[in-house]
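Q: everything below, folded, please.
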Amino acid sequence: MAQKKQRRHGLAAALGRVLGFFTASALCGVLAASLVVPAVAAAGFGISRSITFFDSLPEELVVTPPSQSTKVLTADGQPIATFYVENRVRVPLDQMSPYIKDAIVAIEDSRFYDHAGLDPQGILRAVISNMTAGTQQGASTLTQQYVTNVVNESLLSAEKNDQVILSGQKSVGDKLREMKLAIALEKKFSKEQILEGYLNIVFFSRDAYGIEAAARYFFSTTAKELTLPQAALLAGLVNSPSFYNPALNPDKSITRRNQVLGEMLTQDKITQADHDAAVATPIELKLNPGRQGCANAAMAPYFCDYVSHLILNNPAYGSSLIERERKLFRGGLTIVTTLDSRLQAAAQAQVDGTAGANPDRWGASLVTIQPGTGKILAMAQNTVFLPEPGKFDTHLNFNVDSKDAQGNDLNGAGGFQPGSTMKPFTFAQWLNEGKTLTAEVDASKRVYPLGFPWRSSCGKVLGAYSTAQNNPELGAADDLQNADEGYYRRMPINYGLYNSINTATFATAAQLDFCGIQKMVDAVGLHSGLDGAQINMHQLGNILGAIGVAPLHMANSFATFASDGRYCAPIALVEVTDVAGGKLPAQTSECRNAVKPEVARGVNAVLQDVLKVGSGVYINPKLHTQMPIAAKTGTSNNNGATWVVGYTSGLATASFFGDALDGQKRPGQNVTVNGTFYKRLDGYMVAGPQWANYMQQVARLYPADPFPPPPPSMVGTPPKP
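A: Residues are numbered from 1 along each chain as shown. Purely as a prediction, here's the structure:
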């Protein structure tokens with residue numbers, strides 16, 4: 001009984017194949033007749049209906065450039081990062097090895113140069129094989145494959161992933177549409193254009209779309225430099241990228257490669273000697289996985305993140321966030337930034353070495369601005385984007401604001417209390433009001449009671465400064481503290497600044513119009529790093545830096561002094577081009593006169609003394625002898641945020657060290673950093689050497705001229721300290 005059932009099953013299968021053969025023959029006749037000689041195919045009702053369906057199909061295929069990788073570069077052309085959904089780099093046909101062109105034609109479509117988009121012989125062979133032998137054999141020409149890739153790519157780019165139809169899912173109607181589009185495409189484009197488009201769009205692996213990305217990924221070479229065995233291996237991949245992946249299935253891959261080489265030999269594309277040598281060549285992979293996004297940046301991951309937010313927040317790159325993301329991740333942009341790779345390497349090495357193993361997760365950062373242009377030349381911090389053993393990881397950028405002026409996210413930490421690095425702006429207003437830099441102030445005064453006659457010409461009420469947490473009084477400052485005893489006395493105002501005496505700064509402010517201090521702070525671009533709000537300088541605590549400011553803007557405010565009072569907004573984007581070479585909006589220097597030149601010169605004169613005889617004298621005793629350089633130290637009340645912001649006429653750099661994450665509440669007291677114990681952290685102790693070592697290394701790359709001296713009338717006659 002079982003044998004009879006088997007015989008019946010075998011007979012049924014055979015009859016099914018015979019029937020399938022005649023059905024396939026009829027279909028092939030329909031396809032061949034309707035697609036190649038439509039007039040001959042007009043006989044017969046079924047064929048006529050197929051022709052009608054075929055004629056109703058669209059003939060136009062919009063061939064847009066496929067999704068391409070966006071690359072971000074330094075100003076000197078070094079790669080920073082790549083953004084992509086599909087790792088693809090388009091190259092022209094003449095930049096591809098002749099081996100890959102011959103190999104892909106040999107294995108995928110040997111009659112490519114003879115047909116007009118369809119290969120009836122191939123269709124008939126495949127249909128007969130599939131229906132009679134029970135195998136699955138494809139019949140698509142390279143042109144048809146290109147059509148399928150173009151259609152699917154356009155759907156993916158439009159976020160219509162659910163409409164993508166894979167080869168094994170195509171209906172007869174889908175196949176007919178593909179065929180008609182292939183015929184139309186052959187009329188519109190040359191064979192070379194089609195082959196170029198195909199090799200740039202076809203999928204090789206999840207890390208490689210197109211031949212250039214495939215050459216880079218599998219062999220760390222270019223499409224132009226592919227050897228014969230390499231090209232044959234890649235050509236064999238497109239039939240089944242997973243099955244023939246040499247990294248996963250090397251035996252299957254080499255068998256497929258040799259099959260490609262055999263086809264190339266049969267079709268006289270290579271000699272017997274070339275064939276034999278290539279077959280004898282082992283697979284030698286040099287895998288170079290794609291590094292997508294800022295987390296995998298070659299350098300400056302946090303600057304990269306800042307750049308990406310500038311693109312994604314800018315309506316010039318698309319009216320919606322989805323459009324802007326598509327432009328960044330699929331648009332094949334080339335983004336040239338302001339970053340100087342030499343400075344970036346030095347800054348990164350410096351911050352990485354500052355805290356050592358850093359089990360307590362102290363934050364360290366450096367950011368450099370070019371005075372007179374606003375260009376960001378370096379941006380580094382001692383963290384990594386993704387968790388790594390023994391590493392301090394965070395996605396937050398220590399150097400930038402939390403949000404931009406429009407409220408868009410910048411992924412910044414929100415700034416840190418700048419402490420005494422705010423003092424130069426009160427001093428600048430002192431000079432702006434026509435006072436001398438050597439005039440004497442009473443730094444012995446520690447209490448400014450309620451009702452003290454502060455001046456505010458714009459009518460704003462002054463708020464309290466207090467060492468207490470909740471002092472309800474307005475207009476009072478009680479129990480001002482200096483870092484060291486012995487400075488509660490009268491002293492020249494410049495002496496009070498370069499030694500960073502709190503009571504001297506308050507004595508200075510007591511003689512000024514607070515509206516003028518406010519205008520000075522606003523003029524140099526300082527604002528809250530958390531929400532972009534104006535720093536209210538009528539709140540007395542802000543005279544000593546109580547509001548968090550991002551290091552980027554601290555560096556840029558001091559760059560204003562370095563450039564003789566000219567403020568330039570920070571910029572990161574030099575040039576943005578699309579795949580066709582068209583220019584997209586970038587950033588240009590937006591500068592204005594913010595501080596009177598003579599005022600800036602007076603500030604520069606005093607801040608140079610910080611490193612010679614003041615609060616920064618221990619940072620690097622020889623630095624000021626090597627170049628004209630100025631700086632200011634800063635420390636928050638709890639020592640959890642420490643700074644040095646300093647500059648030459650060519651570079652302005654903010655150096656930060658402290659608690660960058662924990663609500664910035666962790667005190668920098670009784671701590672050990674990189675093996676050294678500190679009873680309390682001060683700006684000159686850790687942030688200072690970090691800044692000085694870095695500046696000593698890079699400052700000469702941007703030559704520094706001596707700062708012009710202030711006018712003699714501003715200097716005055718200095719009293720004895």
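Q: can you map out the helices along the stretch 401-550 of the chain?
A: Taking DSSP state H, counting those that start in this stretch as the criterion, the stretch 401-550 of the chain contains helices spanning 423-432, 493-498, 502-509, 514-523.
Q: right, so of those helices, which gets closest to A605?
A: Of all the helices of the stretch 401-550 of the chain, the one in closest proximity to A605, counting by CB to CB, is helix 493-498 (7.8 Å). For the C-beta atoms, the positions are set from N, CA and C on the backbone; glycine is no exception.
Q: tell me which residues of that closest one are tucked away?
A: If you call a residue buried by 16 or more other CB atoms under 10 Å, then helix 493-498 has these buried ones: 493-498.
Q: wait, which of the helices of the stretch 401-550 of the chain is closest to S402?
A: Closest of the helices of the stretch 401-550 of the chain to S402 is helix 514-523, at 19.1 Å (criterion: CB to CB).
Q: then the helix or strand that comes right after the closest one to CSV, C-alphas only?
A: The first helix or strand that comes after helix 514-523 along the chain, using DSSP states H and E, is helix 551-562. The C-alpha trace of helix 551-562 is given here as CSV (Å, rounded to 0.1, in the frame of the first residue of the first chain):
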residue,chain,number,x,y,z
PRO,A,551,32.9,76.4,29.2
LEU,A,552,32.4,77.2,25.5
HIS,A,553,30.9,80.6,26.4
MET,A,554,33.4,81.3,29.1
ALA,A,555,36.2,80.7,26.6
ASN,A,556,34.5,82.9,24.1
SER,A,557,33.9,85.8,26.5
PHE,A,558,37.6,85.9,27.3
ALA,A,559,38.3,85.7,23.5
THR,A,560,36.5,89.0,23.3
PHE,A,561,39.2,90.6,25.5
ALA,A,562,41.9,88.8,23.4
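Q: who does helix 551-562 touch, helix- and strand-wise?
A: Where contact means 3 or more CB pairs under 8 Å, 6 or more residues apart in numbering; DSSP states H and E, helix 551-562 is packed against strand 363-369, helix 423-432, strand 566-568, helix 597-612, strand 630-635, strand 641-647, strand 652-658.
Q: which one of the buried residues of helix 493-498 is nearest T227?
A: For those, the nearest to T227 is Y498 (66.1 Å; CB to CB).
Q: domain-wise, how is the chain divided?
A: As given by automatic domain parsing, the domain ranges for the chain are 2-56, 88-279.
Q: per-stretch mean pLDDT over those domains, give me the minimum one.
A: Of all those, mean pLDDT reaches its minimum on domain 2-56 (a mean of 43).
Q: just to revisit the earlier point, mean neighbour count and distance to S589 added to the helices and strands packed on helix 551-562, as a markdown table?
A: A markdown table is the format used below for the helices and strands packed on helix 551-562 (neighbours: other CB atoms under 10 Å; distance: least, CB to CB, whole Å):
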| stretch | mean neighbour count | distance to S589 |
| --- | --- | --- |
| strand 363-369 | 29 | 11 |
| helix 423-432 | 25 | 22 |
| strand 566-568 | 21 | 5 |
| helix 597-612 | 23 | 18 |
| strand 630-635 | 30 | 22 |
| strand 641-647 | 31 | 17 |
| strand 652-658 | 31 | 14 |
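Q: the ones you listed: which one's closest to Q95?
A: Go through these one by one with CB to CB and the one that ends up closest to Q95 is strand 363-369, at 37.2 Å.
Q: follow-up on the earlier one: take the helices of the stretch 401-550 of the chain and write them to TSV, including distance to G581 and mean pLDDT.
A: Shown next, in TSV, are those (distance: least, CB to CB, whole Å; pLDDT from 0 to 100):
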stretch	distance to G581	mean pLDDT
helix 423-432	45	98
helix 493-498	52	98
helix 502-509	54	97
helix 514-523	39	98
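Q: just give the nearest non-adjacent residue to N620, would you?
A: Closest residue to N620 in three dimensions, ignoring its sequence neighbours and counting by CB to CB, 6 or more residues apart in numbering: A692, at 3.9 Å.
Q: thinking the one you found is in contact with Y618, fair?
A: No: taking contact to mean CB atoms under 8 Å, the distance of 10.2 Å between A692 and Y618 leaves them out of contact.
Q: neighbour count for the two, which is higher?
A: For A692 against Y618, the residue with the higher neighbour count under other CB atoms under 10 Å is A692, and the figures read 26 against 12.
Q: compute the inter-axis angle for whichever strand or helix holds the more buried one and strand 641-647.
A: According to DSSP H and E, A692 maps onto helix 687-698. Note on geometry: by axes from the mean of the first three to the mean of the last three CA atoms, to 10 degrees, helix 687-698 and strand 641-647 are set 30 degrees apart in direction.
Q: which secondary structure elements does helix 687-698 contact?
A: Checking 3+ CB pairs under 8 Å, 6+ apart, helix 687-698 ends up next to helix 341-354, strand 363-369, helix 623-626, strand 630-635, strand 641-647, strand 652-658.
Q: alpha carbons only: can I get the fifth one in PDB?
A: What follows is the C-alpha trace of strand 641-647 in PDB, where atoms were taken according to Å, rounded to 0.1, in the frame of the first residue of the first chain:
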ATOM      1  CA  ALA A 641      33.800  73.500  40.100                       C
ATOM      2  CA  THR A 642      37.300  74.800  39.400                       C
ATOM      3  CA  TRP A 643      38.500  76.700  36.400                       C
ATOM      4  CA  VAL A 644      41.200  78.500  34.500                       C
ATOM      5  CA  VAL A 645      40.200  80.500  31.500                       C
ATOM      6  CA  GLY A 646      43.100  82.000  29.700                       C
ATOM      7  CA  TYR A 647      44.200  83.200  26.300                       C
END
